[in-house]
Structure formats: structure tokens, C-alpha cells
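> What shape does this take:
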Amino acid sequence: MTPGARVAAAITVLDQIRDGAFAEQALTAWARASRFAGAKDRAAVRDHVFDVLRCRRSLGDGDGRALMLRLLQRNGVDLGPVFNGLGHAPHPLSEEEVAVVASPPALSDAAACDLPDWLWPLWQERLGADAVQAAQAQQARADVFLRVNQRRATPAAAIALLAQDGITADLHQAVDGCLRVLDNARRIRTATAYATGLVELQDAASQRAVQLVPVAPGALVLDYCAGGGGKALAFADRHDATVVAHDIAPARMADLPDRAARAGVRIQTLTAAELRDHAPFQVVFCDAPCSGSGTWRRSPDAKWRLTPDRLHALTALQDEVIEQAAAKAGAQARLAYATCSVLADENDAVVARFVQNHPDWSIELRDQSLPGPDGDGFFLCLLTRRNNL
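Residues are numbered from 1 along each chain as shown. Have a look, this model is predicted:
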């Protein structure tokens, strides 16, 4: 596909998203209907779509064509060779479009930070002096991070093996065993280091959260709301403990046994009924469903789909989930409540209600990272159960 054809495809997908389609669904549908598109073409179209979604408001909203025009103009691309109408390229710019592109729209603070108007006051109230930085950090693509399986390799050895497949990586300066991918991130899933379990894809903030949770030798650890099981794998890598995983949707954990085997660890996936047989646990890590507001640069479609009603529903669900997770913990256990959100409504407020209702639990540690160059936004609150109340 030519650069113009890739832009035309992105415009089509963006218009479908504007009409209500989910981004991933629209991209998948386009790829299935476009068998002629190679891997590089699909990647390029996806990049265009996600680059627009990250900055939709600051680009002035509008249809897919208007958004792509402004994105390319912002990125310093010569529009003439792209919008030339040749082959499958978009038709040439009209005089009106030329004038619009030459005059960037005036933006409100919310639009400049690419947030919905309803969320901006709440965002400012909750994040204070960090509000603008946390929002604008999500206007660009996130770095790709890897967790080194230190049961199998040192970080230096993992870096060297990745280099053999043309992948450049470097040590994260603040997170033990974490690598930042500098080049050829799309090759990771076919790299020898990945196939042999030396590295796993995992954001630096998520890795750091696992490292903040103390685990005694031989402890029974539950990764609750496990999803794909990345944190269960991280616990199994770092500790001589029995690690199990549970998710309300077991299909999300379908790949976990293979990933665990590749990493050389054992992680049992449990149903709700099996959880009752294994409880109580000494450590329960509860990664609750959330808005994902700390990871919107990775899934920008979610930012524009969040509504006040949806946020309220999520906080109600989080209240239920932390209660359910705590019920699986034993005496003097630790409960780690976590989200990939930066909103206090989903974090501190949930913990505060839980502690108020359960005086036998107390806060041991609170950690909030914001999206930035060293990882995503992530919240962790470590609670300790005392058996003397």
C-alpha cells in the first residue's frame, strides 16, 4: 500500500469509530476485508488510527479525513503527495481544507489536554498540579517494556539475546529487571528471548507494583482479577511461593498455562468454586476493573467511551471486588488493591470506604504512579489484616 492508501484506510476506520464502532473491532474488520494489506500496512494503519485517537480533541474533532489532515500537518508531513487522489489515496485538498489546516483551532484547556469536558474538572481536582502533565503524557505513544524472567536470565543476558533478533533494549533505571525497548518492538513476539521465556511484555509500572508487595517464602499468593496473568507470572518469577490465578472470565487466562510453562514456573488457574477450597491466602493481589485512565495512550478509545455513569458503575464494581478479594485473605494477610487508573474515585475513595467498613484492615503502603516516560499510571494500596480486632 502507498502512504496515501494507508491514510485513506485510516480515514475509513476513524469514520467507523466516530459512528460508534470500537477501535479494535473496526481495525479487525478492515484488515479482514483488506487481504492485500501486509503486516507493515496493517501496522501503519493502526498507528494512524491510534495516533489520532490519542489527540482527537486537540486535533479539532471532525470526521476521519479532517483528523488525519490535522495529524499529518502537525507531524510536519507534506500533504500534497498523500492527498493526491492517485490510486487508493484520498482526493486532493479543497481550498477550504487548505485554509482550515493553515489555521489551527482555538482550544479549551480540556481540549488541549485531550480530555472530555465533563472529566476535566474532576481530573484537575484529583490530580492538582499534575493534571496537565498526566493528561498530555497520554497524547504520545507509550514505550514498550519487558520483564526479565530472572529465574532464567540476567537482564544483561536478555538484552544480548534480544539484540540477536535486532531488538535494542536498555535497563529501566528505577525498576529491577525491567527493560525499555528502544527499537523493533514489533519483533518481540517472534524473538528467541520471548519464545524461550526469558522476557515477558509488561509495563514498568505494573512490574514495580508487584515488587512493592512483600511475599514470605512458601506463601500462598492469589492473583485476583488476573486477566492474562502477567502479575501472577511476575510473582512466580520473584518468589518461592505458590501462586494461583483467578478471573471471573476464565477465557482471559487461557494462555496463562503456556506462558507459565515457557517461563519455567507453575501457576494454577482456579474457578470460583476452587478458590473456596484453596483459601485463605497470605497475599491477595486484586487488580480491579477500572477506567484504565493511566493507560489511555495504549487504549485511547477507552478515554472517549468513559462517561459519568460508566465511572459510577465502575466504582460500585470496585467496592464489590475489594470485598470479594478480602474475603479470600487469611489472618495477618496482605491485600494489594490495584488499578491502572489515576482517578481517586477508583483508588483512594474505594480503599477509604473499605477500611471504614473493616477496621481490622489498615493501610501499610500507598503508591500512585502517573503516566510518563517511565511507565503507565498505576495505583497500589497495600493493606494488612490484623487478627486482634
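> can you tell me which residues contact the residue nearest to T339 when sequence neighbours are not counted?
Leaving aside its chain neighbours, T339 sits nearest to C290 (3.9 Å; criterion: C-beta to C-beta, 6 or more residues apart in numbering). Placement of C-beta: from N, CA and C, glycine included. Taking C-beta atoms under 8 Å, 6 or more residues apart in numbering, we find C290 in contact with 314, 318, 339-341, 346.
> In this protein, which residue is most central in space?
Residue closest to the mean C-alpha point of the chain, counted by C-alpha atoms, centre = their mean, is T295 at 4.2 Å.
> and that residue, that's in a strand?
No - T295 is assigned coil when assessed by DSSP: H, G, I helix; E, B strand; the rest coil, not a strand.
> what helix or strand does A326 sit in?
helix 308-327 (DSSP states H and E).
> typo on my end, it should be R366
Using DSSP H and E, R366 falls within strand 361-369.
> Can you tell me the strand partners of the helix or strand just after that strand and which way each runs?
Later in the chain than strand 361-369, the nearest helix or strand by DSSP H and E is strand 378-385. Sheet pairing for strand 378-385, assigned by DSSP bridges, gives strand 329-339 (antiparallel), strand 361-369 (antiparallel).
> So which of the ones you listed is nearest C286?
Nearest to C286, of all the strands paired with strand 378-385, is strand 329-339, at 5.3 Å by C-beta to C-beta.
> thinking again about what came up before, ok and the strand holding R366 relative to helix 308-327, angle-wise?
130 degrees (axes from the mean of the first three to the mean of the last three C-alpha atoms, to 10 degrees).
> And the contacts of strand 361-369?
205, 208-209, 212, 294, 326, 334-335, 342, 347-348, 351, 354-355, 375-386.
> If you count neighbours, what's buried in that strand?
By 16 or more other C-beta atoms under 10 Å, the buried positions in strand 361-369 come out as 361, 368-369.
> Redo those residues as TSV? Include pLDDT and distance to D176.
Shown next, in TSV, are the buried residues of strand 361-369 (pLDDT from 0 to 100; distance: C-beta to C-beta, whole Å):
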residue	pLDDT	distance to D176
W361	96	28
Q368	96	20
S369	96	15
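> Nearest to G128 among those?
Proximity of these to G128 was ranked by C-beta to C-beta; the top entry is Q368 with 11.8 Å.
> F378 versus the closest one, what's the distance?
8 Å (C-beta to C-beta, to the nearest Å).
> what does A160 give?
A160 is 29 Å from F378, by C-beta to C-beta.
> Extract the residue ranges of the stretch 251-389 of the chain that are flagged as low pLDDT.
By pLDDT under 70, the low-scoring segments of the stretch 251-389 of the chain are 387-389.
> Strands along the stretch 201-350 of the chain, start to end?
220-224, 242-246, 267-269, 281-287, 329-339 (DSSP state E, counting those that start in this stretch).
> could these be laid out in JSON lines, adding distance to P104?
Output for these, formatted as JSON lines (distance: least, C-beta to C-beta, whole Å):
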{"stretch": "strand 220-224", "distance to P104": "46"}
{"stretch": "strand 242-246", "distance to P104": "48"}
{"stretch": "strand 267-269", "distance to P104": "51"}
{"stretch": "strand 281-287", "distance to P104": "40"}
{"stretch": "strand 329-339", "distance to P104": "35"}
